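Asker: Show me how the following folds:
(2 chains)
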There are 2 protein chains.
Amino acid sequence: MSDHPPAHAGDRAARVALTWLAEPGNRTVWSLVEEGGAEATLARLLSGDVADKSLRTAAMAKAANLDPRRLAELTLRRAERLGARIVVPGDEEWPERVQSLAVLTLEGTQRVNLDVRPPLCFWVRGEWPLGETLERSVAVVGARAASGYGVHATNEIAYGLAENGWTVVSGGAFGIDAAAHRAALAAGGRTVAVLACGVDRPYPLGNSAMFEQIAETGLLISEWPPGAEPLKHRFLIRNRVIAAATAGTVLVEAAARSGAIQTMGRVLALGRPAMVVPGPITSAMSVGCHELLRSRPDATLVTGPADVLETVGRIGEYQAVVPRGPEHRRDALDEESALILESVPRRGTITPEDLAVRAGLSLRLVLRRLSLLELTGLVERRGTGVALARGSR
Amino acid sequence: MSDHPPAHAGDRAARVALTWLAEPGNRTVWSLVEEGGAEATLARLLSGDVADKSLRTAAMAKAANLDPRRLAELTLRRAERLGARIVVPGDEEWPERVQSLAVLTLEGTQRVNLDVRPPLCFWVRGEWPLGETLERSVAVVGARAASGYGVHATNEIAYGLAENGWTVVSGGAFGIDAAAHRAALAAGGRTVAVLACGVDRPYPLGNSAMFEQIAETGLLISEWPPGAEPLKHRFLIRNRVIAAATAGTVLVEAAARSGAIQTMGRVLALGRPAMVVPGPITSAMSVGCHELLRSRPDATLVTGPADVLETVGRIGEYQAVVPRGPEHRRDALDEESALILESVPRRGTITPEDLAVRAGLSLRLVLRRLSLLELTGLVERRGTGVALARGSR
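Answerer: Next up, the predicted model:
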C-alpha cells in the first residue's frame, strides 16, 4: 500500500511537535521531513538549522516557551484519553491520496497558495480505518447560508452517494456541509468531517449532536491536535485536504465571489473532478456556482448522484493527480521517476521487470516510483503491465 | 459587402423555382448554383442533367405537373401583393453570415446533417433591411412547454439584448420562442421570426397577433415561398438558419433529449457561442439544458443578458467561423501575428509596449495585430494589458 517507512513512536511524536511549530502544509517543513524524516527535521528546527528565516524565528519563539517534545508527549496522552488516535504516513490506514499535494502547484505567491504540502499527520475519532474510508469518497461542500433548494440538492446527492457505498466528506459547517453529513448518516452510509480544529471540540458548536453521531458511525479528522482552536486561516489550510483526500468535490451552493471558487481551483489543480450543481439564475446562492461553471470550462455540471457517480467513476477512484498539463507534471519529477517514465513505451504496456531492465534501475525502486507516477496520473496499470496514461501522451 | 454578382430578375425567379424543386439546404443544388448560377442550374435540373439520382427523379416528377418557371412567376407576383419581398445573394440586404453554412460539416450521413448548405433566397415581411438587422443579432430559443421560470429568464435576456441594440431572433413557436419575441417587442427593439412556412401564414396560428406585430416592427422571414406549409421536416431545415444568421444562440429551456441539442450542435459546429441557461435540477424543463452543458464543454452557461453580451461581444459580431481548435486558428496566422502570440506570457498579462519589445516589432504593428488576435479569440484584453485567452492556452 504505502511506500513510507513504517511509523514508530519517535516519528509520531516528532510530527505532533512539528505541526505545533508550523501550520500544516508548510512547504519547508514538509520537504525537510521528506528528506531526513520527522525527528531529524524537529532537531534541525530546534537548533535553528533551517534556511527559511520566518520559519526559524517562529519555531524558535514557540520552542522558547514550551519544549515541543514535551508538548507532543502530553498531546498524545491527552488524545488517548479522549479516544482520538494519530495516523501518520507509514501507518496502514494513512490515506495515500493526500500525497498528491506533494506536487500541487498553484498560481500566486501567497502563503495559502504555497503552503499546500501533504499533512504530517491526522488526528482521528471513529472506528473506520482512515485510508480505506477515504478511498471511495466524494466531498460535498457549499454555502453556510444554504437555501431550501441547496439543502434539497445536497440531500439527493449525498444520500445517493452514501447509498452507493461512497463516503461523503465535508467540513462540518452549517448549511450545505451539515446537510451532506446528515444525508449520509440518514442513508446509513459513512461520512467524514474534516475539521480545522481539534477533534475533541468540533466547530461549530451548533452541530455538536451531529459531530457525536459522525464520531460514532463515521470519522472526525483533523490535522490539528486535540484542543486546537478553529482559527480563521485554518479553514483555508484545511480545504486543501478536502480537495486532496477525495476522488472529487461537489459544490452545491455558493454566493458571488465565494471562497468556494478557491477550493474548486485546488480541486482542478489536483486534476480531480470539480463538480458544480446549477440552480435558478434568480437565486443569489447559485451565483458562485454559475460563476465557476462560466470561468472554468474544466468544471463539470452535475444534477444528481448519477452524474456524480458517472464523473468520479469514469475518472477512476485511484487516479489522483492530473495537474495542469503533462509538461508540468513531468517537470516536477525526480530524476529516477523521469527515467522510468521515459522508458515506458509510447504505445502498449510494459511489465515492471522489463521497465527496470530498460531504465537500468532496481525492480524495487521501479515499483516504488511507479506508485508515484500512477498517483500523478502519468502512467496507469493495465493487467500485469503499465502504460502511459491516456491524458499524458 | 457581398462577393456575389448583383442579382437580376432571371436569377431571382430561378432561385424560387429551385427552392420549390428541392428543399432549401440541398447540397447538390447549392453546389451547382455556386458553380454555374441559379438559371443554369434550373436548366440542368429540368433537362435531367444532374448526377444525383434522387434529386433528378424528384425534380422531374414535380416539373412534369407544373412548369417551375411559371410557378416562380406566379409566386413572385403573389408575394408582391402580400407585401413580401424576396432577397437573394447579391442584394444589398443579403445576410452574409448565412454563407458560413457553405463549409459546415456535421457528423452523420442523414440528409438533415448533409443538406445544411446556405439558403438560395429569403422571403421577407417587414421594413428593416435583412442583413443589417441580423448583423448584431442573438437567437433565443427553447421549449414550447416552457415553465414560468423559463419565461422569466427569457424575458430578462431578450429584453436586455433588445435594450442594448441587439436583434432577438427566434422561431415564432409557443413558449420560449414567443416569450423572446414579445420581450424584444416590449423593449421597443427589433425581433426576427425565422419561419418554416410562408411568411403570409406564419405558424402557429395562436401567435398570429404577435406575428402581425413582428411584421410591423421587425421581420418575418422564411426560405419557403408564400403559401408554403409548415411541414415537420422543415423545422429542422429552418433551424440551421437560426444558428447561422446570428452571432450566437441562447437556449433557455429544453426537456431531456430535446431537439434543441441538435440545434446547439449546429451552432457549435459553426463556431458560434452556444449559450445555455441553467435552472433548478428539480425542473424537467432544464434537463436538456443541463445535458447540453454536461456533454458539450464548449457550450457556455449564461445567467442573464450581461453574460450573453459578454459572450457575443467578446467573440466579435463579425467573426463568423471559428474553426475547431486553437491550433487551427494559430495555423491561419501571418508570421508577425504568430510572433506576437508567442511573446504573450503563458500566465498573467503584458502591456502592448512590452510585447513590442519582446517580439522585436513596432508598437503600431503590435497594436494592429492584437486587434486581429483578439477578434479570433486567441488573446483577450485585461485592464491595460493583454493575456492569452482562457480557451486558447
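
Asker: if I pick residue A:251, what's in contact with it?
Answerer: With Cβ atoms under 8 Å, 6 or more residues apart in numbering or on different chains as the criterion, the residues that contact residue A:251 are A:141, A:142, A:260, A:263, A:264, A:274, A:275, A:276, A:277, A:288, A:289, A:292. (Each C-beta comes from the backbone N, C-alpha and C, glycine too.)

Asker: How confident was the prediction at the fifth one?
Answerer: Per-residue confidence at residue A:264 stands at 95 (pLDDT).

Asker: can you check the first one too?
Answerer: Per-residue confidence for residue A:141 comes out at a pLDDT of 97.

Asker: burial measure for it, as a count.
Answerer: By the measure other Cβ atoms under 10 Å in any protein chain shown, the count of residues near residue A:141 is 28.

Asker: can you check the fifth one too?
Answerer: Residue A:264: 29 surrounding residues under other Cβ under 10 Å.

Asker: quick one: it and chain B, what's the gap?
Answerer: When Cβ to the nearest Cβ, to the nearest Å is the yardstick, residue A:264 and chain B sit 15 Å from each other.

Asker: The helix or strand encompassing that residue: what's the following helix or strand?
Answerer: Element membership of residue A:264, judged by DSSP states H and E, is helix A:260-269. Per DSSP H and E, helix A:260-269 leads on to strand A:274-276 as the next helix or strand towards the C-terminus.

Asker: Relative to that next one, what are the paired strands and their orientations?
Answerer: For strand A:274-276, the pairing partners within the sheet under DSSP bridges are strand A:249-251 (parallel), strand A:300-301 (parallel).

Asker: burial of residue A:83, as a residue count?
Answerer: Residue A:83 is flanked by 13 other residues according to other Cβ under 10 Å.

Asker: how about the contacts of residue A:251 in CSV, adding distance to residue B:299?
Answerer: Below are the contacts of residue A:251 laid out as CSV (distance: Cβ to Cβ, whole Å):
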residue, distance to residue B:299
A:141, 25
A:142, 24
A:260, 22
A:263, 24
A:264, 19
A:274, 17
A:275, 17
A:276, 14
A:277, 17
A:288, 20
A:289, 16
A:292, 15
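
Asker: Ranking helices and strands of chain A by mean pLDDT, which lands last?
Answerer: Of all the helices and strands that make up chain A, the one with the lowest confidence by mean pLDDT, DSSP states H and E is helix A:326-331; it has a mean of 52.

Asker: next structured bit after that one?
Answerer: From helix A:326-331, the next helix or strand downstream (DSSP H and E) is helix A:335-343.

Asker: Please list the residues outside that following helix that contact it.
Answerer: Contact partners of helix A:335-343, identified using Cβ under 8 Å, 6+ apart, comprise A:330, A:333, A:350, A:355, A:358-361, A:365-366, A:369-370, A:372-373, A:378-379.

Asker: So which bits of that helix are buried?
Answerer: Within helix A:335-343, the residues that qualify as buried are A:336, A:337, A:338, A:339, A:340, A:341, A:343, counting by 16 or more other Cβ atoms under 10 Å in any protein chain shown.

Asker: contacting residues around the residue of chain A found nearest chain B?
Answerer: Nearest residue of chain A to chain B (Cβ to the nearest Cβ) works out as residue A:278 at 3.4 Å. Taking Cβ under 8 Å, 6+ apart as the criterion, residue A:278 is in contact with A:286, A:289-290, A:293, A:301, A:303, B:278-279, B:281, B:286, B:290, B:293, B:301.

Asker: among those residues, which are in helices?
Answerer: With DSSP state H as the criterion, helices contain A:289, A:290, A:293, B:290, B:293 from among the contacts of residue A:278.

Asker: which of those has the most neighbours?
Answerer: Going by other Cβ under 10 Å, residue A:289 tops those with 31 neighbours.

Asker: I'd guessed it sits against residue A:274; true?
Answerer: No - the pair formed by residue A:289 and residue A:274 falls short of the contact definition of Cβ atoms under 8 Å, at 10.9 Å.

Asker: can the helix or strand hosting residue A:138 be found next to chain B?
Answerer: Using DSSP H and E, residue A:138 sits within strand A:137-141. No - in terms of Cβ under 8 Å from any Cβ of the partner chain, no part of strand A:137-141 sits within range of chain B; the closest distance is 13.9 Å.

Asker: Now that strand - C-alpha only, PDB.
Answerer: This file holds the C-alpha atoms of strand A:137-141, laid out as PDB (Å, rounded to 0.1, in the frame of the first residue of the first chain):
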ATOM      1  CA  SER A 137     -15.100   9.300  -1.200                       C
ATOM      2  CA  VAL A 138     -16.600  12.400  -2.600                       C
ATOM      3  CA  ALA A 139     -16.600  15.800  -1.000                       C
ATOM      4  CA  VAL A 140     -19.900  17.700  -0.900                       C
ATOM      5  CA  VAL A 141     -19.400  21.300   0.200                       C
END
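
Asker: List the contacts of that strand.
Answerer: So strand A:137-141 is in contact with A:154, A:157-158, A:161, A:166-171, A:176-177, A:180, A:192, A:242-243, A:245-252, A:260, A:263, A:308, A:312, going by Cβ under 8 Å, 6+ apart.

Asker: rerun at 7 Å
Answerer: Among residues not part of strand A:137-141, those counted as contacts by Cβ atoms under 7 Å, 6 or more residues apart in numbering or on different chains are A:154, A:157-158, A:161, A:166-171, A:176-177, A:180, A:192, A:242, A:245-252, A:260, A:263, A:308, A:312.

Asker: Please pick the buried ones from the contacts of residue A:251.
Answerer: Going by neighbour count (16+ other Cβ under 10 Å), those have A:141, A:142, A:260, A:263, A:264, A:274, A:275, A:276, A:277, A:288, A:289, A:292 buried.

Asker: Please identify which of the residues you listed is nearest to residue A:32.
Answerer: Comparing those against residue A:32 with Cβ to Cβ picks out residue A:263 as the nearest, at 27.5 Å.

Asker: For that closest one, which non-adjacent residue is closest in space?
Answerer: Spatially, and ignoring its direct neighbours in sequence, residue A:263 is nearest to residue A:239 (4.8 Å; Cβ to Cβ, 6 or more residues apart in numbering or on different chains).

Asker: returning to that earlier point: return the subset of the contacts of strand A:137-141 lying in helices.
Answerer: A:154, A:157-158, A:161, A:176-177, A:180, A:242, A:245, A:260, A:263, A:308, A:312.

Asker: What is the lowest-pLDDT residue among those?
Answerer: Across the ones in helices among the contacts of strand A:137-141, the member with the lowest pLDDT is residue A:260, scoring 83.

Asker: closest to residue A:212 out of the strands paired with strand A:274-276?
Answerer: strand A:249-251 (25.0 Å).

Asker: Double-check residue A:296 against residue A:268; I have them as touching.
Answerer: Yes - contact criterion Cβ atoms under 7 Å: residue A:296 and residue A:268 qualify, at 6.4 Å.

Asker: More neighbours: which of these two?
Answerer: In this comparison of residue A:296 against residue A:268, neighbours counted by other Cβ under 10 Å, the higher total goes to residue A:268 at 20 against 17.

Asker: list the contacts for that one?
Answerer: So, once contact is read as Cβ under 7 Å, 6+ apart, residue A:268 ends up touching A:274, A:296, A:298, A:299.

Asker: Isn't the first one up against residue A:263?
Answerer: No - applying Cβ under 7 Å, one finds residue A:274 not in contact with residue A:263, separated by 8.8 Å.

Asker: Within range of chain B, give me the residues from chain A.
Answerer: A:107, A:149, A:153, A:277-281, A:290, A:293-294, A:297, A:300-301, A:303-304, A:307 (Cβ under 7 Å from any Cβ of the partner chain).

Asker: what about residue A:86, is that helix, strand or coil?
Answerer: Per DSSP: H, G, I helix; E, B strand; the rest coil, the local secondary structure of residue A:86 is strand.
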